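>>> 3D model of this:
(chains A and B)
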Amino acid sequence: GAVVSQHPSWVICKSGTSVKIECRSLDFQATTMFWYRQFPKQSLMLMATSNEGSKATYEQGVEKDKFLINHASLTLSTLTVTSAHPEDSSFYICSARDFDSSNQPQHFGDGTRLSIL
Amino acid sequence: GQQLNQSPQSMFIQEGEDVSMNCTSSSIFNTWLWYKQDPGEGPVLLIALYKAGELTSNGRLTAQFGITRKDSFLNISASIPSDVGIYFCAGQASRAGGTSYGKLTFGQGTILTVHP
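Next up is the predicted model:
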């Protein structure tokens, strides 16, 4: 159980385009999903907390207009990197926690490698 | 953002050796988690700890939640080549943290290399 699917796994696109990444909880409902960014040989840094039916909560220093988050259902959250530039190239990972629990751990997707040319 | 202090940063060991890594924090956490990440993939949960002093095993892995709730360690016994990867500790904020509830704070990671 507790499978989180992330799509696409790898994206290469030109500078200036927008890229959407999907995060789905396949066998459980998640009122809260989390989006992380990871640079090579570094740890995961939380970007934002995605709440179903409400606005996302962004960490300090993360531009909400740059990284648009939509959490329209209990099983899907999307992250859109708008007008992407080479410095946005990174490994983006989502995680989700089971809706009906106070102590269940987060389960992670397999990540999306984003490369902006 | 805040990070946990995880050590060592890297380890090079021979197959069959035991491994130990730990994390410390200036903050109290309700839950400690240990994840393993392979290259190009997301972290996979190894062990979750929910009570101070708790000692939990998962096969060759053993982890403990420190009594002060500010530290945790992970031991791997009789290492094998497939143990290679990056190990992360993570602390989960308490319910009393309000909007921070459920957020994870990660350690810097321990890169494990196992020589056959």
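>>> residues contacting B:Cys89?
B:4, B:6, B:21-23, B:32-35, B:72, B:74, B:106-107 (C-beta atoms under 8 Å, 6 or more residues apart in numbering or on different chains). For the C-beta atoms, the positions are set from N, CA and C on the backbone; glycine is no exception.
>>> any idea how far A:Thr78 is from it?
Distance, B:Cys89 to A:Thr78, by C-beta to C-beta, to the nearest Å: 29 Å.
>>> same check on A:Gln6?
For A:Gln6, the distance to A:Thr78 equals 11 Å [C-beta to C-beta].
>>> name the residues contacting each of these two.
Shared contacts of A:Gln6 and A:Thr78, counting by C-beta under 8 Å, 6+ apart, come down to A:21-23.
>>> now rank the residues you listed by neighbours and give me the top one.
A:Cys23 (28 neighbours; other C-beta atoms under 10 Å in any protein chain shown).
>>> number of nearby residues for A:Ala48?
There are 22 residues near A:Ala48, going by other C-beta under 10 Å.
>>> following element in sequence after the helix or strand hosting it, please.
In this structure, A:Ala48 sits in strand A:45-51 according to DSSP states H and E. Counting by DSSP H and E, the element after strand A:45-51 in chain order, helix or strand, is strand A:57-58.
>>> I'd like to know which elements that next one is packed against.
Strand A:57-58 is packed against strand A:45-51, with contacts defined by 3 or more C-beta pairs under 8 Å, 6 or more residues apart in numbering or on different chains; DSSP states H and E.
>>> pull the residues that contact the strand it packs on.
Contacts for strand A:45-51 (C-beta under 8 Å, 6+ apart): A:31-38, A:56-59, A:62, A:64, A:67, A:69-71, A:77, A:79, B:1, B:102-104, B:106.
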